[in-house]
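1. Kindly return the folded structure for what I paste below:
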Amino acid sequence: MKKKLTALFMVICMVFVTAVPVFASEEDTAEEATYVHMSDNENLLSQKTKTQLETAAEEVYGTYGVEIYGYLTEQTLADAESVGETVYLSSARTDAAVILMYHADNVNLYAYGRAKDIFTRKELQNILETANAENTYLNAFLKYIEMTGLLLGEKGVQPIPSERQQPRFVDNANLVSASDEAALLAKLDEISEARQIDVVIVTENAIGDMTSTQYADNFYDYNGYGLQLTRDGILLLISMENRDWAISTHGLGIDIFTDAGQEYMTDRFVSYLSDGDYYGGFDCFADLCDQFIAHYQETGEVYDVGHLPKAPFAWGMSILISLAVGLLAGLITALVFKSELTSVRIQPSAVGYAKPDSLHLTERNDMFLYHVVNRTARPKETDGGHSGGGGGGSHTHHSSSGSTHGGSHGHF
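-> Numbers count the residues shown, from 1 in each chain. From the prediction side, this is the model:
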């Protein structure tokens, strides 16, 4: 009986996890249809039960912006996770979903999109085991939905409404002109869409009590950024209150923009910010992002310790240095030739002016006057704000929503 109940519960969960276009009770057919997340091929649930479960699921979706699906099939699933991904891609209304894939011989609970960063494997397993302890399909399914919603609430997950889908250049601090803003936005859109990795720049006058890293991570998480299922991207934050900058990476962006790679980038664009050339700094940042992403997509490798882009050759500075060296060499040569044409020279001592045998020394002493000590200060470590170490790769951390990010920060 227990085994049978377990199987039935899994069926219910699976049922709840596949998005079928529209499901409505006979009484509501003429009214607005209800979006359903269940595929019940076994017909184990009554229409009343389905409606009750769907209401609970919609409440979770409306509050947290995460879909909960159930997929039940009589056929053996050779790759249940891939089937779940197909369901997610074809049916989800947002970028986060939890899908329970059920077959009599194999039951799994998977997270897709942003939900991968929200739930751990252990948490999903705990949801499944706890709900399975219920003694009816309805109670088990409600427990599954309830626990998922509670965990989302504990993690502070919020939906991303359309009005919060921000552009890729948000200049709240008004650091560039309107024409430059339009040019930067067009450039960021072009790079992001061509590379399928979001490249974002945000400026603020102040960020409150949050650190620059926390603000950058949250701005990325809660404003619709990130492409593909893993929400790949990179965001640069500029806060003018304390002249802070922070980089937040997510998804594939964590792999592409390593700690060493970010240090290479900041060494090049932060100087523009320090000089007040914000357009130049942002334009340089965008170009570097495009260069790093292109290198990864074309070679399969990332810029990292021991493998960073070669600095462009400074032709202008090299010419100036060459001219200075040439002038110095010419000056020295001219002085040498000039000295050979001079018949009267300054004598290093008075010997040439003294009468021979007219001076007799009766006593000689060596007197120590002083000594000179040259000291060189030991180089001190500077706080550049980079989060990376010397071992390569990217250090990561979790944002307030539980999402995994890489990044770095500093001042300009």
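2. alpha carbons only for contacts and neighbour counts from here, please
-> Noted.
3. ok, residue 269 to residue 70 distance?
-> Using CA to CA, to the nearest Å, residue 269 is found at 48 Å from residue 70.
4. Which one's more surrounded, those two?
-> residue 70 (28 against 20; other CA atoms under 10 Å).
5. Give me the helices and strands touching whatever helix or strand that one lives in, please.
-> Take DSSP states H and E as the rule and residue 70 turns out to sit in strand 67-72. With contacts taken as 3 or more CA pairs under 8 Å, 6 or more residues apart in numbering; DSSP states H and E, strand 67-72 sits against helix 2-16, strand 38-40, helix 47-64, strand 96-103.
6. can you do 7 Å?
-> If you count contacts as 3 or more CA pairs under 7 Å, 6 or more residues apart in numbering; DSSP states H and E, strand 67-72 packs onto helix 2-16, strand 38-40, strand 96-103.
7. Pass me the low-pLDDT residue ranges in the stretch 251-400 of the chain, would you?
-> Low-confidence segments of the stretch 251-400 of the chain (pLDDT under 70): 311-319, 322, 336-391.
8. List the buried residues in stretch 240-259.
-> 240, 244-259 (16 or more other CA atoms under 10 Å).
9. And for stretch 79-95?
-> For stretch 79-95, the neighbour count (16+ other CA under 10 Å) marks 80, 81, 84, 85, 87, 88, 91, 92, 94, 95 as buried.
10. now stretch 138-154
-> 138-149, 152.
11. Strands of the chain, start to end?
-> Ranges of strands in the chain, per DSSP state E, are 38-40, 67-72, 96-103, 106-113, 169-171, 198-204, 233-239, 244-250, 396-398, 404-411.
12. Including distance to residue 125, could the ones you listed go into JSON lines?
-> Formatted as JSON lines, these follow (distance: least, CA to CA, whole Å):
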{"stretch": "strand 38-40", "distance to residue 125": "20"}
{"stretch": "strand 67-72", "distance to residue 125": "15"}
{"stretch": "strand 96-103", "distance to residue 125": "11"}
{"stretch": "strand 106-113", "distance to residue 125": "7"}
{"stretch": "strand 169-171", "distance to residue 125": "40"}
{"stretch": "strand 198-204", "distance to residue 125": "32"}
{"stretch": "strand 233-239", "distance to residue 125": "29"}
{"stretch": "strand 244-250", "distance to residue 125": "25"}
{"stretch": "strand 396-398", "distance to residue 125": "21"}
{"stretch": "strand 404-411", "distance to residue 125": "20"}
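13. And the residue nearest to residue 109 when sequence neighbours are not counted, how far from residue 68?
-> With CA to CA, 6 or more residues apart in numbering as the criterion, residue 109 has its nearest non-adjacent residue at 4.3 Å, and that residue is residue 100. Counting by CA to CA, the separation of residue 100 from residue 68 is 8 Å.
14. the more surrounded of those two?
-> Comparing residue 100 with residue 68 by other CA under 10 Å, the one with more neighbours is residue 68, at 31 against 28.
15. what pairs with that one across the strands?
-> In this entry, residue 68 is beta-bridged to residue 98, by DSSP bridges.
16. I'd guessed it sits against residue 99; true?
-> Yes: under the criterion of CA atoms under 7 Å, residue 68 makes contact with residue 99 at 6.0 Å.
17. hang on, the earlier thing: quick check, the residue nearest to residue 109 in contact with residue 124.
-> No: if you go by CA under 7 Å, residue 100 and residue 124 don't touch, sitting 9.8 Å apart.
18. Need the residues touching each of these two.
-> Both residue 100 and residue 124 are in contact with residue 109, where contact means CA atoms under 7 Å, 6 or more residues apart in numbering.
19. any idea how far residue 290 lies from residue 324?
-> 37 Å.
20. neighbour-wise, which of those two wins?
-> When residue 290 is set against residue 324 and neighbours are counted by other CA under 10 Å, the residue ahead is residue 290, at 19 against 12.
21. How about the more buried one: what's its closest non-neighbour residue?
-> Nearest residue to residue 290, sequence neighbours excluded (CA to CA, 6+ apart): residue 191, at 6.3 Å.
22. Look at the one you found and say how many residues are nearby.
-> Counted with other CA under 10 Å, residue 191 comes out at 21.
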